[in-house]
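Trainee: Generate a structure from the sequence data that follows.
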Amino acid sequence: MHPHLHTKDNIACEDVMNALEECHARGFLWMSMGMCNDAKHKVTLCLRAERLKRTATNRNTAKTNREKIKKAWAEIDENS
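Mentor: Numbering: from 1, shown residues only. Next up is the predicted model:
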């Protein structure tokens, strides 16, 4: 399973997702014979790469926020 494909977070994977949709449009037999497996694998790899970028960004943002909070509490402790 994969997340919703057409979101603002997955714009970089648009070409790969369109290739998968074109493959799926060829019909059920085409999909059931495994002809879309390569396109599906490429979509999975692309979505994973995008997710890893987002998590790295979120981690850095959280780290910055934690440092700000730590400084604020240190300042409060000094002044108390």
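
Trainee: For this structure, which segments count as helices?
Mentor: For the chain, the helices defined by DSSP state H cover 14-25, 28-32, 37-79.

Trainee: tell me the most buried of these?
Mentor: Mean neighbours per residue, mean count of other Cβ atoms under 10 Å, is largest over the helices of the chain for helix 14-25, with a mean of 15. (Glycine included, C-beta is placed from N, CA and C.)

Trainee: Quick one: distance of the lowest-mean-pLDDT helix or strand in the chain to the chain centre.
Mentor: The weakest-scoring helix or strand in the chain, judged by mean pLDDT, DSSP states H and E, is helix 28-32 (a mean of 91). Relative to its chain's centre, helix 28-32 lies at 27 Å (Cα atoms, centre = their mean, to the nearest Å).

Trainee: And for stretch 51-71?
Mentor: Stretch 51-71 sits 16 Å away from the centroid of its parent chain (Cα atoms, centre = their mean).

Trainee: Kindly report the same for stretch 23-33.
Mentor: Between the centre of stretch 23-33 and the centre of its host chain there is 26 Å, according to Cα atoms, centre = their mean.

Trainee: contact partners of that stretch?
Mentor: By Cβ atoms under 8 Å, 6 or more residues apart in numbering, the residues outside stretch 23-33 that reach it are 35-36, 39.

Trainee: Please repeat the previous calculation with a cut-off of 6 Å.
Mentor: 36, 39 (Cβ atoms under 6 Å, 6 or more residues apart in numbering).

Trainee: For the residue nearest to the spatial centre of the chain, give its distance to Thr61.
Mentor: The chain has Arg51 as the residue nearest its centroid, 2.5 Å off, counting by Cα atoms, centre = their mean. Using Cβ to Cβ, to the nearest Å, Arg51 is found at 16 Å from Thr61.
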